[in-house]
Each structure stands twice: as C-alpha cells, then as structure tokens.
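Asks: okay, sequence plus prediction incoming.
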Amino acid sequence: MKMYSPQKFRPFSWLSVLLRSTAYLLRHWFLLLIAALMISPIGPHLLVWYTYKEFNGYRVYNDCLYLGGGGLVELDYVSDCPVIVILDRRDKH
C-alpha cells in the first residue's frame, strides 16, 4: 500500500519558469546582441582603411576595408566609402 504524500497544486508553474527565463535573458541583453551580430551574416561594419585616386578634384575610391562581426571585408572599386555600412558577408566571399 502506498503512503499518502500531499502535493501542491501549481497550475501556473510553467508560467513562472517562462517569466524567470525571460527576465534572465533580458538581464543579459547586451551579450545576446553581441552574439547575434557575430553570428549573423548581415550587420554593421566600420571603415578601417581606404585608398583613392584624385581626378580633377574628385576622389575615386579603389579599396575600402571594413571591420565587422565576422572580421575584415574588402570592397573593391566602389564609388563611396561611408564610415558605417550594413554589409552582407555572404555576397563578399
């Protein structure tokens, strides 16, 4: 014969686990953002180096080197080199 053991009735225990997990993730949002930028192939890149030639007072850019989440990305023969640009690394390799 089995002994009686009382159990508490907890109808919303899954909701409390979900809310605690969400609070934990929101507490570490900055680390999650950095991880998402490193993993994602599309993201912001910062201009590190560029070369240009000058023709009649106009700059013609030869190379632009950007640093992003996945490393360095080089763009060749572009019309302009903005300081911050959103690049898709899948197109550049």
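Replies: Right, received. Where do you want to start?
Asks: from now on I want contacts and neighbour counts done on CA atoms only, so please keep to that.
Replies: Noted.
Asks: from one end of stretch 34-50 to the other, what's the distance?
Replies: 26 Å (C-alpha to C-alpha, to the nearest Å).
Asks: ok, which stretches of this protein are helices?
Replies: Using DSSP state H, the helices of the chain run over 13-27, 29-39, 89-92.
Asks: ok, which of those helices comes nearest residue 51?
Replies: helix 89-92 (18.6 Å; C-alpha to C-alpha).
Asks: list the beta-bridge partners for the residue nearest to residue 43 when sequence neighbours are not counted.
Replies: Counting by C-alpha to C-alpha, 6 or more residues apart in numbering, residue 86 is the residue found nearest to residue 43 once chain neighbours are left out, at 5.3 Å. Taking DSSP bridges as the rule, residue 86 bridges to residue 44.
Asks: contact partners for the most centrally placed residue in the chain?
Replies: Central residue of the chain (C-alpha atoms, centre = their mean): residue 37, 1.2 Å from the mean position. Shown in contact with residue 37 (C-alpha atoms under 8 Å, 6 or more residues apart in numbering): 43, 69.
Asks: per-residue pLDDT of the residue nearest to residue 43, please?
Replies: pLDDT recorded at residue 86 is 90.
Asks: swap in residue 92?
Replies: pLDDT, residue 92: 59.
Asks: mind checking how far the residue nearest to residue 43 is from residue 12?
Replies: On the measure of C-alpha to C-alpha, residue 86 and residue 12 end up 43 Å apart.
Asks: where does this structure dip in pLDDT?
Replies: 92-93 (pLDDT under 70).
Asks: give me that answer again for 80
Replies: Applying pLDDT under 80 to the chain flags residues 1-2, 4-11, 70, 77-78, 89-93.
Asks: what's the local residue count around the residue nearest to residue 43?
Replies: For residue 86, the count of nearby residues is 11 (other C-alpha atoms under 10 Å).
Asks: how about residue 67?
Replies: For residue 67, the neighbour count with other C-alpha under 10 Å is 16.
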